[in-house]
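no sequence on this one, just coordinates:
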C-alpha cells in the first residue's frame, strides 16, 4: 500500500517527463546511468502499482533493476551515506542499503513504521546487514512539511527515531492526521527530546524547512510521487508491503554480496 496526492501528474505525463529527462541526460552525457535506471524502475513500479480496490495500494511487491556501471546499488547511489546522519541507522558499510521516502501524514507510512520496521531494525539493521535511511517526501500539504521539520528538530537533539516512532504510533487507522504545532510538541515530549524550548524554536527554523522542501523536490524529480516508497539495494518496493516482501528483497540483495 502506498499513497499518492490527488494533484499528482498522471502516469502518461509522468512517463513523458521522465523520457524527456532521460533524453537530456543522454544528450549531455553526464554519467547519469544509475538515475536513468532508477527513473525507469520507478515509473514501471508506480504504473503496475495502481489498484481500483484500495487507492494507492500496490499489487506488485517489487521491481528489480539491473546493476549500475559504478558497481554501487541504486540505493547506495541515492543515499546520503553520512556517518553522523540522524535520519539513518545501521553500519554505514552495511552490505545492503534500504532507503525510504516517507510523509508523516501518510497512513500507509504509519503502517510500515508500526508493523514492519521494528522487525527489520532488529533482524537486519542491528545485526549490521542493512543500512536504513529515511528521506523526506512531504506530499500532503503544509502540515506534512511541519511534521518533517519537527522530526528533524528532534533529530538535532538525537531523537529522530524516537520522534518518528511516537508520531506514527498515534496515527489514525485511515486518513491524514491533523498535526498542529501543539501535537508536534507533545510528540517531542513523548519521544524524550531533552530541550523542548530549543525544539519549539527549531520548528520555525527556515533552514530546516528548506531541507524538507528541497528533499521533497529532489524526490519528485526522480519520480517518487507516492509514499511510502523504498529502494532496497537494486530493488524497488512500492508501498507498505507485508514484512515477508521486504525480507525477500533484503535476502536477495544479501545473497549477491
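Arrived safely, thanks for sending. Just so you know, these numbers come straight off a predicted model, no measurement behind them.

please enumerate the helices of the chain.
11-28, 33-48, 74-78, 107-111, 117-120, 142-155, 160-169, 181-191, 196-202, 206-221, 243-256 (DSSP state H).

which residues does the closest residue in space to residue 147 that isn't next to it in sequence contact?
The shortest distance from residue 147 to any non-neighbouring residue, by Cβ to Cβ, 6 or more residues apart in numbering, is to residue 104 (3.7 Å). All C-beta atoms are positioned from the backbone trio N, CA, C, and that covers glycine. When contacts are counted by Cβ atoms under 8 Å, 6 or more residues apart in numbering, residue 104 touches 138, 144, 147-148, 151, 164, 167-168, 179.

just among those, which is most surrounded?
residue 151 (30 neighbours; other Cβ atoms under 10 Å).

local confidence estimate at that one?
The per-residue pLDDT reported for residue 151 equals 98.

give me the neighbour count for residue 240.
There are 27 residues near residue 240, going by other Cβ under 10 Å.

no no, residue 170
Counted with other Cβ under 10 Å, the neighbours of residue 170 add up to 14.

wait, doesn't it sit right on residue 178?
No - the criterion here is Cβ atoms under 8 Å, and residue 170 misses it with residue 178 at 11.1 Å.

ramachandran angles for the residue nearest to residue 147?
Dihedral pair for residue 104: phi -70, psi -10, per degrees, to the nearest 10.

and the gap between residue 227 and residue 176?
The spacing between residue 227 and residue 176, counted by Cβ to Cβ, to the nearest Å, is 12 Å.

follow-up on the earlier one: tell me the one among the contacts of residue 104 nearest to residue 248.
Closest approach to residue 248 among those (Cβ to Cβ): residue 168, at 23.5 Å.

isn't the closest one right up against residue 116?
No - using Cβ under 8 Å, residue 168 makes no contact with residue 116, being 11.3 Å away.

now do the buried residues in stretch 208-215.
Within stretch 208-215, the residues that count as buried by 16 or more other Cβ atoms under 10 Å are 208-209, 212, 215.

quick one: mean pLDDT over that stretch.
Stretch 208-215 comes out at a mean pLDDT of 98.

contacts for it?
By Cβ under 8 Å, 6+ apart, stretch 208-215 touches 135-138, 145, 148-149, 152-153, 202.

show me the two of those residues that sit farthest apart.
By the measure Cβ to Cβ, 137 and 202 form the most distant pair in the contacts of stretch 208-215, at 20.8 Å.

okay, those two: which has more neighbours?
With neighbours defined as other Cβ under 10 Å, residue 137 and residue 202 compare such that residue 137 has more, 28 against 21.

and the more buried one, how far from residue 182?
From residue 137 across to residue 182, the span is 25 Å (Cβ to Cβ).

and for residue 72?
Relative to residue 182, and taking Cβ to Cβ, residue 72 is found at 43 Å.

name the residue in those two with the higher neighbour count.
Neighbour totals were compared for residue 72 and residue 182, and residue 72 leads with 17 against 7 (other Cβ under 10 Å).

what does the more buried one show for phi and psi?
Dihedral angles of residue 72 (phi, psi; degrees, to the nearest 10) stand at phi -90, psi 150.

how many neighbours does residue 177 have?
Using other Cβ under 10 Å, residue 177 has 18 neighbouring residues.

isn't it right up against residue 105?
Yes - look at residue 177 against residue 105 with Cβ under 8 Å: they come within range, at 5.8 Å.

which intervals of the stretch 51-200 of the chain have sub-threshold pLDDT?
Scanning the stretch 51-200 of the chain for pLDDT under 70 picks out 51-70.

spell out for me which residue occupies the centre of this protein.
residue 101 (1.3 Å; Cα atoms, centre = their mean).

before we move on, back to that, now for residue 227 and residue 176: what residues contact both?
Both residue 227 and residue 176 are contacted by residue 106, under the criterion Cβ under 8 Å, 6+ apart.

the more surrounded of those two?
Neighbour totals were compared for residue 227 and residue 176, and residue 227 leads with 32 against 17 (other Cβ under 10 Å).
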